[in-house]
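Enquirer: Generate coordinates for the sequence data below:
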Amino acid sequence: MTLNVIVLAAGEGKRMHSNTPKVLHSLAGRSLLAHVIATARELGADRIVVVHGHQGARVRAAFADQGDLVWVEQGELLGTGHAVQRAMPQVDPAADVLVLYGDVPLIGAASLRRLAQAASGGLAIMSAIAEDAANYGRIVRDAGGAIRRIVEARDATPAERAIREWYTGFLVAPAARLSAWLARVKDENAQKEYYLTDVVALAVADGVAVQAVQPARAWEVEGVNSRRELAALERVRQREIADALLERGVGLADPARIDVRGALACGRDVSIDVNCVFEGEVRLGERVRIGPNCVLRNVSVADDTEIHAFSLLEDAAVGARCRIGPYARLRPGAELAEEVHIGNFVEVKNSRLAPGAKANHLAYVGDSDVGRRVNIGAGVITCNYDGVNKHRTVIEDECFIGSDATLVAPLRIARGSYIGAGSTIAKDTPPGQLTVSRARQVSLPSWKPPKRKD
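Expert: Reported below is the predicted structural model:
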């Protein structure tokens, strides 16, 4: 059977107290709505229709790279039934329709597959059990346990509010039947809205049995209406990720203190200390060790490399058996071959470092090609920017760059060169020679220190 998915994403989210549309708030590195759309794709949906409203242009722009999405505007927010009704003209009349919500990001594909199977040409809804169902709609059953209707909390009697089974909002039904039921929904309720929940009573009136399926895990159906709820779901998602990493053999110093905001792939015997953040696509080879409080963003790290505490790596590639940090920064375009050392307070940007190169402390290497076994001393900087354009520095193999040297690009330091400490080098150097450029040291024996005035 063909499956079409309708995602309701028109709400403003006033309790978020934010200028960002609620469905664009981030959870584990991607927006709430992106999580839901990804789940719809995992289900193999033939068509995904997104109903937008508040700041709709901004929501659509966030998914400009997904051209197969169908967008429908809900100009007036007249309830969930009205939102689905707006989307129905874009649905295949022969398809089954699954209704999802842009602010319920962690619903699992496995739970939704069971829901779709339960529909079987009729109507299936997802319910959950809670000691206090709060403001959710209650599922009313008859004496035999058959579902009769759903009553919204605002319209419920005290006895109905005591019901522990509540409606999560998810349902599956054939498109033709769902359209017919929606056409009969009225706004005769406290909110004067068209409730999607009313299709349950209409289905029962038509002699269609309504099946209820519960999620595999209770938190799958938790929605986001406030910053507090978003933070709570972030912890849920991060614990799920941590548990999956542990199952694959990754060593985590504390599973409660890791944040993966994208995709993290790890080889065997990887160890990760506390408070590390992984963003975008991160790949760690075998036996990689990540120290505490590091941030890695779109980075690949090869086998047996150690990244020490408080290091920031972004859009970089690190070879095998390297040592990075502590307090190191690799900026976009940094490419490190094997056995490179980048020490404390060293910054590397848009540069390639060949095997065995070292910059162990207090240096800036920008727009450079650094050869094999080059040693860059403390305080060395490459002056790559002339105020308008960037220029490259080439340091050939086996050079020694003395401490506090300034290398003014464009520049080539020839193979085997030694640069004297404190030199400013603005011209290419000959190979295998010592090059020094600094003022002559002078001592003045007649000099007297100034006297303090009374």
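
Enquirer: how about stretch 61-81: buried residues?
Expert: Across stretch 61-81, burial judged by 16 or more other CB atoms under 10 Å covers 63, 69, 71-72, 74, 78-81. (Glycine included, C-beta is placed from N, CA and C.)

Enquirer: Alpha carbons only: can I get stretch 310-318 in PDB?
Expert: In PDB, the C-alpha atoms belonging to stretch 310-318 read as follows (Å, rounded to 0.1, in the frame of the first residue of the first chain):
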ATOM      1  CA  PHE A 310      40.000  21.700  25.500                       C
ATOM      2  CA  SER A 311      40.800  21.300  21.800                       C
ATOM      3  CA  LEU A 312      38.500  22.600  19.000                       C
ATOM      4  CA  LEU A 313      38.700  20.900  15.600                       C
ATOM      5  CA  GLU A 314      36.400  21.900  12.700                       C
ATOM      6  CA  ASP A 315      36.300  20.900   9.100                       C
ATOM      7  CA  ALA A 316      39.700  19.200   9.400                       C
ATOM      8  CA  ALA A 317      41.400  15.900   8.700                       C
ATOM      9  CA  VAL A 318      43.800  14.400  11.100                       C
END
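
Enquirer: buried ones in it?
Expert: Neighbour-count burial for stretch 310-318 flags 310-314, 316-318 (criterion: 16+ other CB under 10 Å).

Enquirer: what does stretch 189-204 give?
Expert: 189, 193-204.

Enquirer: Among these, which pair sits farthest apart?
Expert: 193 and 204 (20.9 Å; CB to CB).

Enquirer: if we can go back for a sec, can you redo the buried residues of stretch 310-318 as TSV with secondary structure?
Expert: As requested, the buried residues of stretch 310-318 are exported to TSV (DSSP: H, G, I helix; E, B strand; the rest coil):
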residue	secondary structure
310	coil
311	coil
312	strand
313	strand
314	strand
316	strand
317	strand
318	strand
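
Enquirer: before we move on, back to that, okay, the buried residues of stretch 189-204 in CSV with pLDDT, distance to residue 54 and secondary structure next?
Expert: Converted to CSV, the buried residues of stretch 189-204 look like this (pLDDT from 0 to 100; distance: CB to CB, whole Å; DSSP: H, G, I helix; E, B strand; the rest coil):
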residue, pLDDT, distance to residue 54, secondary structure
189, 79, 22, coil
193, 87, 16, coil
194, 92, 18, coil
195, 90, 20, coil
196, 94, 19, coil
197, 92, 22, coil
198, 93, 24, helix
199, 95, 25, helix
200, 95, 27, helix
201, 94, 29, helix
202, 96, 29, helix
203, 96, 30, helix
204, 95, 34, helix
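
Enquirer: Please identify which of those residues is nearest to residue 344.
Expert: Using CB to CB as the measure, the one of the buried residues of stretch 189-204 that approaches residue 344 most closely is residue 196, at 58.1 Å.

Enquirer: mind listing what the residue nearest to that closest one when sequence neighbours are not counted touches?
Expert: Leaving aside its sequence neighbours, residue 196 sits nearest to residue 80 (CB to CB, 6 or more residues apart in numbering; 3.9 Å). By CB atoms under 8 Å, 6 or more residues apart in numbering, the residues touching residue 80 are 8, 169, 193-197.

Enquirer: Please dump these into JSON lines; it should also carry distance to residue 217 for every row.
Expert: JSON lines is the format used below for the contacts of residue 80 (distance: CB to CB, whole Å):
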{"residue": "8", "distance to residue 217": "22"}
{"residue": "169", "distance to residue 217": "16"}
{"residue": "193", "distance to residue 217": "30"}
{"residue": "194", "distance to residue 217": "31"}
{"residue": "195", "distance to residue 217": "27"}
{"residue": "196", "distance to residue 217": "24"}
{"residue": "197", "distance to residue 217": "23"}
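
Enquirer: ok, and the closest non-adjacent residue to residue 32?
Expert: The shortest distance from residue 32 to any non-neighbouring residue, by CB to CB, 6+ apart, is to residue 105 (4.4 Å).

Enquirer: quick one: low-confidence parts of this protein?
Expert: Within the chain, no range satisfies pLDDT under 70.

Enquirer: Residue 131: neighbouring residues, count only.
Expert: Other residues near residue 131 come to 5 when the count uses other CB atoms under 10 Å.

Enquirer: Please, where are all the helices along the stretch 201-350 of the chain?
Expert: Shown for the stretch 201-350 of the chain, the helices assigned by DSSP state H, counting those that start in this stretch span residues 227-247.

Enquirer: same deal with the stretch 351-454 of the chain?
Expert: Counting by DSSP H, counting those that start in this stretch, the stretch 351-454 of the chain forms no helices at all.

Enquirer: same deal with the stretch 1-150 of the chain?
Expert: Using DSSP H, counting those that start in this stretch, helices in the stretch 1-150 of the chain cover 32-42, 56-61, 80-87, 109-119.

Enquirer: Columns distance to residue 17 on top of the ones you listed, output as TSV?
Expert: Formatted as TSV, the helices of the stretch 1-150 of the chain follow (distance: least, CB to CB, whole Å):
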stretch	distance to residue 17
helix 32-42	16
helix 56-61	17
helix 80-87	23
helix 109-119	31
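
Enquirer: Among those, which comes closest to residue 355?
Expert: For residue 355, the closest of those is helix 32-42, at 39.8 Å, according to CB to CB.

Enquirer: gap between the closest residue to residue 216 other than its chain neighbours and residue 215?
Expert: Leaving out its chain neighbours, the residue that sits closest to residue 216 by CB to CB, 6+ apart is residue 111, at 5.1 Å. Applying CB to CB, to the nearest Å, the value for residue 111 to residue 215 is 4 Å.

Enquirer: any residues in contact with both of these two?
Expert: Counting by CB under 8 Å, 6+ apart, the contacts common to residue 111 and residue 215 are residue 126.

Enquirer: neighbour count winner among these two?
Expert: Using other CB under 10 Å as the criterion, residue 111 and residue 215 rank with residue 215 on top: 22 against 19.
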